[in-house]
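1. okay, structure incoming, though there's no sequence with it:
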């Protein structure tokens with residue numbers, strides 16, 4: 001009789017554990033957290049058939065120990081503030097500076113990082129917090145954001161934005177009727193000949209030729225309603 005009772009207790013315990021795990025998984029799913037990035041940051045193994053939620057639970061972590069903002073995980077996953085900044089879609093250096101300042105301030109003020117019991121729950125995230133905290137203690141948060149925004153804007157984002165705009169400008173298929181109307185307008189306004197207009201077309205066409213010698217690349221941009 002005792003053995004039967006033990007079996008029943010074990011079954012009940014197993015069912016209780018399963019229900020608890022399902023509830024935990026449901027809670028994690030409801031959070032705005034990229035568990036794939038978190039797993040990669042923490043270098044956790046994912047076994048066949050496991051969900052990301054199950055990986056999290058198996059590693060004994062508490063969802064309440066995670067920072068509120070996903071961007072903190074994004075920054076660590078990207079390899080730091082500069083690498084993260086390079087992935088952002090912004091239209092100015094000022095906007096980029098603001099995003100960096102906000103990210104660092106949020107990290108410094110994040111409650112889980114200011115609690116001795118939870119600060120080191122996710123070491124890679126904690127390391128980023130310590131970096132932001134140290135920068136703040138030296139009064140250099142603004143300077144750090146300024147330096148990174150200037151570097152990333154001038155070397156990555158500005159060039160990417162320009163390339164995207166040029167690609168957008170040239171993505172439309174050639175329209176002979178529009179070209180002829182534009183050509184007539186050019187001749188009317190600037191007094192150019194058909195030969196001049198054809199020379200302009202030649203310059204623009206050769207800049208879109210992928211195999212053209214870059215040192216000879218030239219382009220004339222005519223801004224208008226079309």
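-> Okay, I see it. The structure presented is a predicted model; accordingly, all values stated were derived computationally and were not measured. Numbering: from 1, shown residues only.
2. when you work out contacts or count neighbours from here on, use the C-alpha atoms and nothing else.
-> Fine.
3. could you chop the protein up by domain?
-> Here the domain parsing of the chain from automatic domain parsing is 1-61, 69-171, 176-216.
4. start and end of the longest one, how far apart?
-> Across its full length, domain 69-171 reaches 37 Å between end residues, using Cα to Cα, to the nearest Å.
5. just say helix, strand or coil for residue 48.
-> Following DSSP: H, G, I helix; E, B strand; the rest coil, we place residue 48 in the coil state.
6. tell me the secondary structure for the residue most central in space within the chain?
-> What sits nearest the mean C-alpha location of the chain, by Cα atoms, centre = their mean, is residue 87, with 4.4 Å. Secondary structure, three-state DSSP: residue 87 is coil.
7. what is the neighbour count of residue 67?
-> 21 (other Cα atoms under 10 Å).
8. on that earlier part again, phi and psi next, for the residue nearest to the centre of the chain.
-> Here is the backbone geometry of residue 87 (degrees, to the nearest 10): phi -90, psi -10.
9. equivalent analysis for residue 63, please.
-> Dihedral angles for residue 63 - degrees, to the nearest 10 - are phi -60, psi -30.
10. quick one: it from residue 151, how far?
-> 36 Å.
11. what ranges do the helices span in this structure?
-> Applying DSSP state H to the chain gives helices spanning 2-29, 35-42, 52-58, 70-78, 81-85, 93-109, 123-137, 141-152, 158-170, 176-190, 194-207.
12. ok, residues contacting the fifth one?
-> Among residues not part of helix 81-85, those counted as contacts by Cα atoms under 8 Å, 6 or more residues apart in numbering are 74-75, 78, 96, 100, 148-149, 152.
13. got these as CSV, with neighbour count and distance to residue 170 columns?
-> Output for these, formatted as CSV (neighbours: other Cα atoms under 10 Å; distance: Cα to Cα, whole Å):
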residue, neighbour count, distance to residue 170
74, 20, 33
75, 19, 34
78, 17, 32
96, 24, 27
100, 22, 33
148, 19, 32
149, 27, 29
152, 20, 26
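14. any weak-confidence spans in this structure?
-> Applying pLDDT under 70 to the chain flags the ranges 1-31, 204-226.
15. which residue packs closest to residue 101, ignoring adjacent ones?
-> residue 145 (5.9 Å; Cα to Cα, 6 or more residues apart in numbering).
16. who's in contact with that neighbour?
-> Contacts of residue 145 (Cα under 8 Å, 6+ apart): 97, 100-101.
17. residue 55 touches residue 43, doesn't it?
-> No - with contact defined as Cα atoms under 8 Å, residue 55 does not reach residue 43; the gap is 11.1 Å.
18. looking at these two, which is more packed in?
-> When residue 55 and residue 43 are compared for neighbours, residue 55 comes out ahead with 19 against 9, by other Cα under 10 Å.
19. quick one: contacts for the residue nearest to residue 46 when sequence neighbours are not counted?
-> What sits nearest to residue 46 in space, not counting adjacent residues and going by Cα to Cα, 6+ apart, is residue 55, at 6.2 Å. Contacts for residue 55 (Cα under 8 Å, 6+ apart) come out as 39, 44-46.
20. distance of residue 55 from residue 63?
-> For residue 55, the distance to residue 63 - Cα to Cα - is 13 Å.
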